[in-house]
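**Q** Sequence and computational prediction follow.
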Amino acid sequence: MPSWTEVQVRSGTEDDLTALTEIYNHYVRETPITFDTATFTPGQRRPWLRSYPEDGPHRLRVAQDVPSGRVLGYATSSPLRPKPAYSTSVEVTVYCADGAAGRGVGTLLYEALFKALEGEDVHRAYAGIVQGVTPAEGGGTSASERLHQRFGFRHIGTYGEVGRKFGRYWDVAWYEKKL
């Protein structure tokens, strides 16, 4: 595995689109971590990228290995639901590049994301974590649960068999953090 000497966390840009699409497509193809079932082209992901401005409650943070320029992962805060009364709540997520999980990248991304949200009109953050995921399927659910708990998230409930992918049903545990 490569070692990184310096990781920069910054806002995502159009230049990141291909790398971000590749990271996400890995999870679409190989894991139940996302319930998307078809991969995307960078062009299809462009509206997603453009939905994250430099300020406001909906942000995209990218971790990049400075010497190599490799994008190591990304974190987002997105609208929880489309209705106006939900506007002070966000859903957050982290995706690490293949081979970058378990190396502190997710921690760096969440630190930057939550710092960026300070002072914004955001009251709660939510995260959904697919249950029963093995390390071979994307790093193991317990690693994601530990990451979220380190950042003050608490388990608030589980949707049973809410998604079907790879020929089976998956539960999603929901976590909440006061901001």
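**A** Everything's here; your move.
**Q** Contact partners for Thr39?
**A** Shown in contact with Thr39 (C-beta atoms under 8 Å, 6 or more residues apart in numbering): 25, 28-29. All C-beta spots, glycine's among them, are computed from the backbone N, C-alpha and C.
**Q** Now intersect these with the helices, please.
**A** Among those, the members found in helices (DSSP state H) are 25, 28-29.
**Q** rewinding a little: of all the contacts of Thr39, which comes closest to Ser78?
**A** For the contacts of Thr39, the closest approach to Ser78 (C-beta to C-beta) belongs to Val28, at 16.9 Å.
**Q** What distance do you get for the closest one to Thr37?
**A** The gap separating Val28 from Thr37 is 7 Å, by C-beta to C-beta, to the nearest Å.
**Q** Over to Asp121?
**A** When Asp121 is compared with Thr37 (using C-beta to C-beta), they lie 34 Å apart.
**Q** quick one: buried residues of the helix or strand bottoming out on mean pLDDT in the chain?
**A** Across the helices and strands of the chain, mean confidence by mean pLDDT, DSSP states H and E is lowest for helix 141-150: a mean of 88. Buried residues in helix 141-150, defined by neighbour count with 16 or more other C-beta atoms under 10 Å: 141, 143-145, 147-148.
**Q** show me what contacts the nearest residue to Ser51 once chain neighbours are set aside?
**A** Distances taken as C-beta to C-beta, 6 or more residues apart in numbering put His58 closest to Ser51, at 6.6 Å, once the chain neighbours are dropped. By C-beta under 8 Å, 6+ apart, His58 lies in contact with 51-52, 76-79, 90.
**Q** If I look at Trp4, what pLDDT would I see?
**A** The model reports Trp4 with a pLDDT of 54.
**Q** before we move on, back to that, drop anything exposed from the contacts of Thr39.
**A** By 16+ other C-beta under 10 Å, the contacts of Thr39 give 25, 28 as buried.
**Q** which one of the contacts of Thr39 is nearest Thr13?
**A** Once C-beta to C-beta is applied, the member of the contacts of Thr39 that ends up nearest Thr13 is Asn25, at 19.0 Å.
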